[in-house]
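Undergrad: What would the 3D arrangement of this be:
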Amino acid sequence: MFTKYFGRGYSVARNTLQFAYTQITQSPDDQPAEINRETEHQDNDFERGSVDSNSQADSVTHTIRAGNRKNLRANPQIESGPSAMPGETNDVEYTYRPQFAINESEELVNVKYTTLIWLHIVTPISLLVHFSILAGIILHAFPTHFNPFIPIFIGVSAWIVAQSLKQPIYQFVAAVSNSRKLQNSINTVIHTFALDLVRWQSLLIAVPDIRENRGNHSSSSFTSLSWFTFGWIAVSLTFSTFQEFKNLALYKDLLPIQKPLLPMVDNESEYSTETASSATQEPDDLEHQLITLHSMRDRCTLSATYGQPFPNIPLPGFLFPLWRLDTLLLGSGVTLILGARPNWITYLTVALINTVHSFIWQLLLPKFGLGGLTWISFMFATIIFFIGLDQFGIV
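TA: Next up, the predicted model:
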């Protein structure tokens, strides 16, 4: 009896999931007013696929179709909580997944997944070089009469605490506002101000005598401030770099795994090269279908954030390392400014700068792309960095 009811429950769950999957993957204009199972089986030849698991597996196979024939869309709006982390996670803070229909009709770059991995590996290598140079400067140019582990540990812990505030902030804003766009703006402002408040107060804990020695780069307090900045920036960039590879992994099943994809003569046909998904997909695997839905949603979130599919971002071996350097300079600059004059006026000024910077990235990145906006942001971060150094008489 248990086996009977378990099998029936499994069948109901599978049919429900397949129905939801079909509604998401079909075009809004093609959705029928009333769902008729017999009619759907008659429409198996239609491009959107059907509820039948075998036909559905064929329509969901993640291969790139010639002429942008791949058309996976969803009519219902996606309701979701905040993404994993703000700011330093995907570099652009999106406190909720924007409302959009799943649309993966845009053609991906015709490059092997392993090739993209090698291009993105330049980012962590460049970070190791940057951190080595920064640590070498602190060790040789400034006095070190203490163990740097404490300020580094406080900097790392402070960043983690600041990021953990995102979820409660989101829940609070969602409870008081129903507008999704307004929620995004309020979340960005509140979390940015909270992040800089944690930065400021943890800085005073790591460097308690910073008030007495402000503006003096030859004191041990400036060395403590430098190590605190090192810890804060190191964990921030490490996490964002990890997220970079996590974002790229979302497209692993859509990119060729052996050789470039070659288009067929017929525009209706698929490319001839097998992808990782078409080689391993199991039609009746419920877990695989759920993972596919989540991946589609995450890819659409990334496309909305960057203005294009993540693998299509040009020069990833150059732009992403430049972006990380931009984050390093900006984070170091605002921390030095806070350390030079740790008061409310400085805090509000720094928080306002970071808030405007976050809104600029959110609004302009989809329009101008990563290439154009990174250069502008890099020049701005360089100015802030030198202003921070000037507060201690270094430049």
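
Undergrad: Quick check: which element contains residue 342?
TA: Using DSSP states H and E, residue 342 sits in no helix or strand.

Undergrad: Go ahead and confirm it touches residue 203.
TA: Yes - using CB atoms under 8 Å, residue 342 makes contact with residue 203 at a distance of 6.8 Å. Any C-beta I mention is one placed from the backbone N, CA and C, and that applies to glycine too.

Undergrad: Give me the common contacts of these two.
TA: Taking CB atoms under 8 Å, 6 or more residues apart in numbering as the contact criterion, the common neighbours of residue 342 and residue 203 are residue 210.

Undergrad: between the two, who's got more neighbours?
TA: Between residue 342 and residue 203, residue 203 has the larger neighbour count (other CB atoms under 10 Å), namely 24 against 18.

Undergrad: averaged over its residues, what pLDDT does the stretch of helix or strand that one belongs to have?
TA: Applying DSSP H and E as the criterion places residue 203 in helix 180-206. Helix 180-206 carries an average pLDDT of 93.

Undergrad: Give the buried residues for it.
TA: For helix 180-206, the neighbour count (16 or more other CB atoms under 10 Å) marks 183-200, 202-203, 206 as buried.

Undergrad: Helix or strand with the lowest mean pLDDT in this protein?
TA: Every helix and strand in the chain was compared by mean pLDDT, DSSP states H and E; the lowest is helix 53-60, with a mean of 37.

Undergrad: just checking, next helix/strand downstream of that helix?
TA: Moving toward the C-terminus from helix 53-60, the next element (DSSP H and E) is helix 113-120.

Undergrad: Tell me how far residue 341 lies from residue 178.
TA: To residue 178, residue 341 is 40 Å away according to CB to CB, to the nearest Å.

Undergrad: higher neighbour count, these two?
TA: A count of neighbours by other CB under 10 Å puts residue 341 above the other of residue 341 and residue 178, at 16 against 8.

Undergrad: quick one, phi psi at that one?
TA: Per-residue torsions, residue 341: phi -140, psi 80 (degrees, to the nearest 10).

Undergrad: Can you give me the domain assignment for this protein?
TA: Listed domain ranges for the chain are 2-102+261-285, 113-252+303-390 (source: automatic domain parsing).

Undergrad: hey, least reliable of these by pLDDT?
TA: Looking at the domains of the chain, the weakest mean confidence is domain 2-102+261-285, a mean of 43.

Undergrad: Could you pick out the longest helix of this structure?
TA: Longest helix in the chain by number of residues (criterion: DSSP state H): helix 344-390.

Undergrad: Output the contacting helices and strands for that one.
TA: Under the contact definition 3 or more CB pairs under 8 Å, 6 or more residues apart in numbering; DSSP states H and E, helix 344-390 sits against helix 180-206, helix 286-306, helix 316-340.

Undergrad: Compare those and give me the one nearest residue 385.
TA: Between residue 385 and the helices and strands packed on helix 344-390, the tightest spacing by CB to CB is seen for helix 316-340, at 3.8 Å.

Undergrad: before we move on, back to that, any chance of a markdown table for the helices and strands packed on helix 344-390, columns distance to residue 219?
TA: Putting these into a markdown table (distance: least, CB to CB, whole Å) gives the following:
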| stretch | distance to residue 219 |
| --- | --- |
| helix 180-206 | 14 |
| helix 286-306 | 42 |
| helix 316-340 | 11 |
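
Undergrad: Among those, single out whichever gets nearest to residue 380.
TA: For residue 380, the closest of the helices and strands packed on helix 344-390 is helix 316-340, at 7.5 Å, according to CB to CB.

Undergrad: Run the angle between that closest one and helix 344-390 for me.
TA: 120 degrees (axes from the mean of the first three to the mean of the last three CA atoms, to 10 degrees).

Undergrad: Secondary structure element holding the residue lying closest to residue 195 once chain neighbours are set aside?
TA: Nearest residue to residue 195 in three dimensions, chain neighbours excluded: residue 162, at 4.3 Å (CB to CB, 6 or more residues apart in numbering). Assigned by DSSP H and E, residue 162 belongs to helix 149-164.

Undergrad: what element comes up after that helix heading to the C-terminus?
TA: Taking DSSP H and E, what comes next after helix 149-164 is helix 166-176.

Undergrad: Dump that following helix to CSV, keeping only the CA atoms.
TA: This file holds the C-alpha atoms of helix 166-176, laid out as CSV (Å, rounded to 0.1, in the frame of the first residue of the first chain):
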residue,chain,number,x,y,z
LYS,A,166,21.4,42.2,3.7
GLN,A,167,18.8,39.5,4.3
PRO,A,168,17.2,41.3,7.4
ILE,A,169,17.3,44.6,5.5
TYR,A,170,15.5,43.0,2.5
GLN,A,171,12.8,41.5,4.7
PHE,A,172,12.2,44.8,6.5
VAL,A,173,11.9,46.7,3.2
ALA,A,174,9.7,44.1,1.6
ALA,A,175,7.4,44.4,4.6
VAL,A,176,6.9,48.1,4.3
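
Undergrad: just the angle between it and helix 180-206, please?
TA: Per the same axes, to 10 degrees, the angle that helix 166-176 makes with helix 180-206 is 140 degrees.

Undergrad: buried set for helix 166-176?
TA: For helix 166-176, the neighbour count (16+ other CB under 10 Å) marks 166, 169-170, 173-174 as buried.
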